[in-house]
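Visitor: Below: sequence and its predicted model.
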Amino acid sequence: MIRQYVVRVMSAPVAVGLLLLLGCSGKGDIISMNLAPKVSKDMANAAPAAKPMAGPRVVVVPFEDVRADHAKIGSRSSMWGGETDFRVTSGNAGEETGQAFADYLKRKGWLVQYQKVAPSESETGPNIILSGKILDLTVDAKRGVFLTDIEARSKLVIQANNREDGSSIVRTDAHSGSHDNVLWFEPQDGEELLAEVLEKNFERFVVNTKLEDRAIRFR
């Protein structure tokens, strides 16, 4: 209702001006995005993170990015042909995905750390190493007249290596989500949607696995 009202009361010159403004983005423009979700007011008011539980020590390392473009994570396009690329702020989607996974597990109470390099085996080292591959990681915003449709998708391979017995488990999940008819699109809208889709992959891995002694197994 609000969007309809805003469009209805605009004068013709204002409407034409906005149409020209919305269609002026040219190719080659870049917008930086973070993969780790920002703490919103809703998240701050939600239940606090779980207390660390007794269990194996876990380390998450950067994911291997097997996509053709390691920095690009989508684009914003308009009906007039303008296009703006979305790129990972750090330039490394694999590292940011690993960090986001570790942050998610911490909120679930896991004894987990993120490290850029897997630590060597030792008595005081981690029991489990979590790694993975990025097969797809994309958020696209398609802009029409006044409104923007946002779609995000991800496909990850997550692997867990148990150092106690040398065993491993591997799981692949793909998820997608969308926000339609967004009146004033901002990069944060794309960040939040992509973070939600990523966390669906993390959630499916956690739901379908269990921690036993110093190892992780499928349920």
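Guide: Okay, I see it. Just so we're clear, the structure is a prediction, and the values are computed from it rather than from any experiment. Numbers count the residues shown, from 1 in each chain.

Visitor: Put the alpha carbons of the strand or helix carrying R153 into CSV.
Guide: Using DSSP states H and E, R153 sits within strand 148-162. Extracted in CSV, the C-alpha atoms of strand 148-162 (Å, rounded to 0.1, in the frame of the first residue of the first chain):
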residue,chain,number,x,y,z
THR,A,148,13.6,-4.1,-7.3
ASP,A,149,13.5,-7.9,-7.1
ILE,A,150,16.3,-9.6,-5.2
GLU,A,151,17.3,-13.3,-5.5
ALA,A,152,20.1,-15.1,-3.8
ARG,A,153,21.4,-18.7,-4.0
SER,A,154,24.3,-20.7,-2.7
LYS,A,155,25.6,-24.2,-3.1
LEU,A,156,28.3,-25.4,-0.7
VAL,A,157,30.2,-28.6,-0.1
ILE,A,158,31.1,-29.0,3.6
GLN,A,159,33.7,-31.5,4.7
ALA,A,160,34.6,-32.5,8.2
ASN,A,161,37.9,-34.4,8.9
ASN,A,162,38.1,-36.3,12.2
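
Visitor: what's the following helix or strand after it?
Guide: Counting by DSSP H and E, the next helix or strand C-terminal to strand 148-162 is strand 168-182.

Visitor: got the angle between that following strand and strand 148-162?
Guide: 170 degrees (axes from the mean of the first three to the mean of the last three CA atoms, to 10 degrees).

Visitor: Adjacent strands (with direction) for strand 168-182?
Guide: Strand 168-182 pairs in its sheet with strand 148-162 (antiparallel), by DSSP bridges.

Visitor: Could you give me the buried positions within the partner strand?
Guide: 148, 150-162 (16 or more other CB atoms under 10 Å). Any C-beta I mention is one placed from the backbone N, CA and C, and that applies to glycine too.

Visitor: Quick one: low-confidence residue ranges for the chain.
Guide: 1-28, 37-53 (pLDDT under 70).

Visitor: in it, which spans are strands?
Guide: Using DSSP state E, the strands found in the chain span residues 29-33, 58-60, 64-65, 72-78, 83-88, 112-114, 128-143, 148-162, 168-182, 209-212, 215-218.

Visitor: tell me the most buried of those strands?
Guide: strand 58-60 (a mean of 24; mean count of other CB atoms under 10 Å).

Visitor: neighbouring contacts of it?
Guide: Here strand 58-60 makes contact (CB atoms under 8 Å, 6 or more residues apart in numbering) with 98-99, 101-102, 105, 110-115, 118-119, 126-131.

Visitor: Mind listing the strands it pairs with, and their directions?
Guide: If you go by DSSP bridges, strand 58-60 pairs up with strand 112-114 (parallel), strand 128-143 (parallel).

Visitor: Which stretch among those approaches F205 most closely?
Guide: Nearest to F205, of all the strands paired with strand 58-60, is strand 128-143, at 8.7 Å by CB to CB.

Visitor: Roughly how far does the spatially most central residue of the chain sit from V139?
Guide: For the chain, the residue nearest the mean C-alpha position is A195 (3.3 Å; CA atoms, centre = their mean). Distance, A195 to V139, using CB to CB, to the nearest Å: 10 Å.
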